[in-house]
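>>> Quick one: sequence and predicted model below, then my questions.
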Amino acid sequence: QVQLVESGGGLVQAGGSLRLSCAASGRTFSNSAMGWFRQAPGKEREFVAGISVNGRTNYADSVKGRFTASRDNAKNTVYLQMNNLKPEDMAIYYCAGSRYPLATTVIGGYDYWGQGTQVTVSS
């Protein structure tokens, strides 16, 4: 059983920054690709960022240049640094873990999910 716990969400003004964290337990974290997804009210859950076991990252076009995913295998934690936040970034952000080493952009590529953390961006 894998558990993922997100933290770091909150309220921020447009142009501000937040750093989300996701602590993992129950599986060898270093062997797992990790991803970040988000879901806004009335919309489908969408891919935000992924980080593979080798540290390679991929991002949705909407966040490229503003968001950075990273991982600390010693702490079993993955991060999402979000800069220059926009009102359209407002959503519940979910951390996801995979049984495989390469991060994918699709929801089905992930086997474990956190409970989500709310990010609110005021204009």
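Nice, I can see it. Numbering: from 1, shown residues only.
>>> Okay, and the beta partners of Thr117?
Judged by DSSP bridges, the bridge partners of Thr117 are Tyr93.
>>> Return the residues in contact with it.
6-9, 20, 92-93 (Cβ atoms under 8 Å, 6 or more residues apart in numbering). To be clear about C-beta, it is placed using only N, CA and C from the backbone, and glycine gets the same treatment.
>>> In PyMOL, select just the buried ones from these.
The following PyMOL line selects those of those that are buried, judged by 16 or more other Cβ atoms under 10 Å:
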select buried, resi 6+8+9+20+92+93
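>>> from the contacts of Thr117, which ones fall inside strands?
6-7, 20, 92-93 (DSSP state E).
>>> three-state assignment of the residue nearest the centre of the chain?
Nearest to the mean C-alpha position of the chain, by Cα atoms, centre = their mean, lies Trp36 at 2.4 Å. Using DSSP: H, G, I helix; E, B strand; the rest coil, the secondary structure recorded for Trp36 is strand.
>>> Same check on Ser30?
Going by three-state DSSP: Ser30 is helix.
>>> Spit out the contact partners of the residue nearest to the centre of the chain.
Trp36 neighbours (Cβ under 8 Å, 6+ apart): 20, 22, 47-50, 69, 78, 80, 93-96.
>>> Would you mind listing which of those residues are buried?
20, 22, 47-50, 69, 78, 80, 93-96.
>>> Take those residues and write them to TSV, including secondary structure.
What follows is these, written out as TSV (three-state DSSP):
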residue	secondary structure
Leu20	strand
Cys22	strand
Phe47	strand
Val48	strand
Ala49	strand
Gly50	strand
Ala69	strand
Val78	strand
Leu80	strand
Tyr93	strand
Tyr94	strand
Cys95	strand
Ala96	strand
